[in-house]
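[1] Have a look at this fold, sequence not included:
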C-alpha cells in the first residue's frame, strides 16, 4: 500500500488506486463525467489546495523569497485543525490502501504538492518515492 503524489492529467500508475484532486478549481473545458476517465481525478478535494489568495502568491512568485512566503502561508493553512486531521487520515490510510493526491502543475518543486508531500511525511504517511522528473518537464522559472 502506498500514497502517490501525482500530476493530475498524467497517466495513472499501475495499482494507483483512487486519485484525489487537491486543486482549487476543476479542469477547464472537461465535463465532470470525464474527470476520472481522462486521469484528472476521481474525487475533488479542494480543502487541501491553497486558498485563492495563497494560490496567487505561488503563481506570482518569481524569487525564492516569494516562493518561501507562499510555502509558509500554505503550511499555516494546512495547520488548521480541519486540514491537520485530513492529513492525519490520509497518512493513516496510506498504510492500508493505494491512492494518490495531486495538482496540475508541471513542476512539483514549484507546486503545493511538494509541500503536501512534506506534510504527509511528517504525519507518518507511507509515500512512493518522488519520481525522477524528465528534463523537459522541469520549469526553471527560479532556482
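    Nice, thanks for sending it over. Just so it is clear, the model here is predicted, and its values are computed rather than measured. Numbering: from 1, shown residues only.

[2] And the helices in the protein?
    Taking DSSP state H as the test, the helices found in the chain are 52-60, 64-78, 81-93, 112-122.

[3] Can you pull out the low-pLDDT segments for the chain?
    Applying pLDDT under 70 to the chain flags the ranges 130-143.

[4] The same query, at a cut-off of 50, please.
    132-143 (pLDDT under 50).

[5] picking that back up, put together a markdown table for the helices of the chain, with mean neighbour count on each row.
    (Glycine included, C-beta is placed from N, CA and C.) Shown next, in a markdown table, are the helices of the chain (neighbours: other C-beta atoms under 10 Å):
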| stretch | mean neighbour count |
| --- | --- |
| helix 52-60 | 14 |
| helix 64-78 | 15 |
| helix 81-93 | 14 |
| helix 112-122 | 19 |
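
[6] Those: which one's closest to residue 4?
    The minimum distance between residue 4 and those falls on helix 112-122, with 9.9 Å, by C-beta to C-beta.

[7] picking that back up, for residue 14, find the nearest of the helices of the chain.
    helix 81-93 (19.2 Å).

[8] Any chance you could list what contacts that closest one?
    Contacts with helix 81-93, where a contact means C-beta atoms under 8 Å, 6 or more residues apart in numbering, come from 3, 45, 47-48, 77-78, 99, 101, 119-120, 123-125.

[9] returning to what we had before: let me know which of the helices of the chain is the nearest to residue 35.
    Residue 35 lies closest to helix 112-122 among these, at 17.6 Å (C-beta to C-beta).

[10] What lies in contact with that closest one?
    3, 5, 22, 48-50, 55, 58, 71, 74-75, 78, 87, 90-91, 94, 101-103, 105, 108, 127, 130.

[11] Just want the angle from it to helix 81-93.
    Here helix 112-122 runs at an angle of 70 degrees relative to helix 81-93 (axes from the mean of the first three to the mean of the last three C-alpha atoms, to 10 degrees).
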